[in-house]
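Trainee: Coordinates for the following, if possible.
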Amino acid sequence: MIRRILFVVVLLFVSVWPLSAQHIPSDEEIRIGIIGLDTSHSLAYAKLINQTDSSSLAGLRVVAAYPKGNPDLATGERIPEFTEDVRKLGIEIVGSIDELLARVDVVMLETRDGRMHLEQALPVLKAGKPLYIDAPLAGSLGEAIAIYEAAQRYNVPVFTAEPLRYTPKTQAIAEGKVGEIIGAATYSPAPTHPTHSDLFWYGGHGVAMLYTVMGPGCEVLWRVHTQGTDAVICRWEDDRLGTYRGIRSGKRGYGGTAFGTDGIVRLGGFEDYLPVVLKVGSFFKSGKPPVSAEESLEIYAFMAAADKSKRLGGQPVYLEKMLANTRKEARQKLEQILSERN
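Mentor: The predicted structure is shown next:
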């Protein structure tokens, strides 16, 4: 079962992640660096960290940023604009990841193109810097696994999460507002991009909401695809059912419904970035990722399995098999990259 495979993975990660002092900066101020200024998240997160009066963010400061993103994506055109806006906050703009690492204690990887994340994450991990990776974690499931394999190798904690995971309404449900969750249905915009697996590009917002309330343990899923809509039906190992609806036509939004033992309640949509930034701050202070490696990898296995189900015309795809088949490929890719760098 998927829980068994992921449990073994997590045990391996935990056994080599003692969260020693080398991962938790001892300086009075924890200096944060940003990689990637091709997304509005970079500017928004930097402003919140440097300007919010919150005990969770006290002692944290964004001090440097490396702008490089993918100029071929639409957001890449805004790199000069975002770079200037970040510079106005008093944040130093540097010319390479190595320059950034020499100035900071921890890193936020914000590059919009998930395909660049593995390459950009490796020097951060090798330098021993705790790393937050904004969504999408990677451009493929194999690259997502490779990032965690590298984190294990270098004994560095990694945290990734969608902002919608931490909306107050969704968190209240996850914490038991309607009792035990027996099912959930979520929806979000799901435009696609030819460079990424379909749901990796934008659908991950709604999938993350589904996992926030349901937790890990999805066993099998089926995907129905049309030009304007995706519908993914998924069965958890304990026979609970969840659904995700990806919207490409008509009115778009974020939300859903959670079905609990004590009530049925709507899931909240996006409000602001502060809740996820507070979690990032807590992670940098403690060295403990708020979302487990197990759950993070399963979310990307879910989205990769949905792509495979689409290719198979809606046939069922089991996540355990998807992870097992991809892990060997991921390890080979990581070894190849590391050998080329050496």
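Trainee: which stretches of the stretch 201-342 of the chain form strands?
Mentor: Along the stretch 201-342 of the chain, counting by DSSP state E, counting those that start in this stretch, strands occupy 218-225, 229-236, 241-247, 255-260, 263-267, 317-318.
Trainee: pLDDT of the helix or strand where Ala46 lies, averaged?
Mentor: For Ala46, the enclosing helix or strand under DSSP states H and E is helix 40-51. Mean pLDDT, computed over helix 40-51, is 96.
Trainee: Next: stretch 82-96.
Mentor: Throughout stretch 82-96, pLDDT has a mean value of 97.
Trainee: For that stretch, which residues meet the burial criterion?
Mentor: Buried positions in stretch 82-96, judged by neighbour count with 16 or more other Cβ atoms under 10 Å: 82-83, 85-86, 91-94. Glycine gets a C-beta too; all of them are placed from N, C-alpha and C.
Trainee: Which one of these is nearest to Trp201?
Mentor: For the buried residues of stretch 82-96, the closest approach to Trp201 (Cβ to Cβ) belongs to Phe82, at 19.7 Å.
Trainee: about what we covered before: how about JSON lines for the strands of the stretch 201-342 of the chain, with mean neighbour count added?
Mentor: Formatted as JSON lines, those follow (neighbours: other Cβ atoms under 10 Å):
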{"stretch": "strand 218-225", "mean neighbour count": "20"}
{"stretch": "strand 229-236", "mean neighbour count": "20"}
{"stretch": "strand 241-247", "mean neighbour count": "21"}
{"stretch": "strand 255-260", "mean neighbour count": "21"}
{"stretch": "strand 263-267", "mean neighbour count": "15"}
{"stretch": "strand 317-318", "mean neighbour count": "20"}
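Trainee: who's in contact with Val178?
Mentor: 258-265 (Cβ atoms under 8 Å, 6 or more residues apart in numbering).
Trainee: helices and strands around the helix or strand just after the helix holding Ala46, which ones?
Mentor: Where DSSP H and E defines the elements, the next helix or strand beyond helix 40-51 is strand 60-66. Here strand 60-66 touches strand 30-35, helix 40-51, strand 92-93, helix 97-101, helix 274-286, going by 3 or more Cβ pairs under 8 Å, 6 or more residues apart in numbering; DSSP states H and E.
Trainee: go again using 10 Å as the cut-off
Mentor: With contacts defined as 3 or more Cβ pairs under 10 Å, 6 or more residues apart in numbering; DSSP states H and E, strand 60-66 has these neighbours: strand 30-35, helix 40-51, helix 79-87, strand 92-93, helix 97-101, strand 106-109, helix 274-286.
Trainee: Distance from the chain centre to the fourth one, please.
Mentor: Averaged C-alpha coordinates place strand 92-93 at 25 Å from its chain's average position (Cα atoms, centre = their mean, to the nearest Å).
Trainee: hmm, back to that, which two from the contacts of Val178 end up farthest apart in space?
Mentor: Of all pairs in the contacts of Val178, the most separated under Cβ to Cβ is Thr261 and Val265 at 12.0 Å.
Trainee: worst-scoring helix or strand of this structure, pLDDT-wise?
Mentor: When the helices and strands of the chain are compared on mean pLDDT, DSSP states H and E, helix 2-16 comes out lowest with a mean of 46.
Trainee: For the nearest residue to Val291 once chain neighbours are set aside, report the pLDDT, please.
Mentor: Here the nearest residue to Val291 in space, its sequence neighbours aside, is Ala161; by Cβ to Cβ, 6 or more residues apart in numbering that works out to 5.3 Å. pLDDT recorded at Ala161 is 95.
Trainee: One more: Leu131?
Mentor: pLDDT, Leu131: 98.
Trainee: now swap in the one 5 residues further on and tell me
Mentor: The pLDDT attached to Pro136 in the predicted structure is 94.
Trainee: Not counting sequence-adjacent ones, nearest residue to it?
Mentor: Nearest non-adjacent residue to Pro136 (Cβ to Cβ, 6+ apart): Gly114, at 3.7 Å.
Trainee: Count residues in the vicinity of the one you found, would you?
Mentor: Neighbour count for Gly114, taken as other Cβ atoms under 10 Å: 26.
Trainee: so where do the helices sit in the stretch 51-200 of the chain?
Mentor: Taking DSSP state H, counting those that start in this stretch, the helices of the stretch 51-200 of the chain run over residues 79-87, 97-101, 117-126, 141-154, 168-174, 198.
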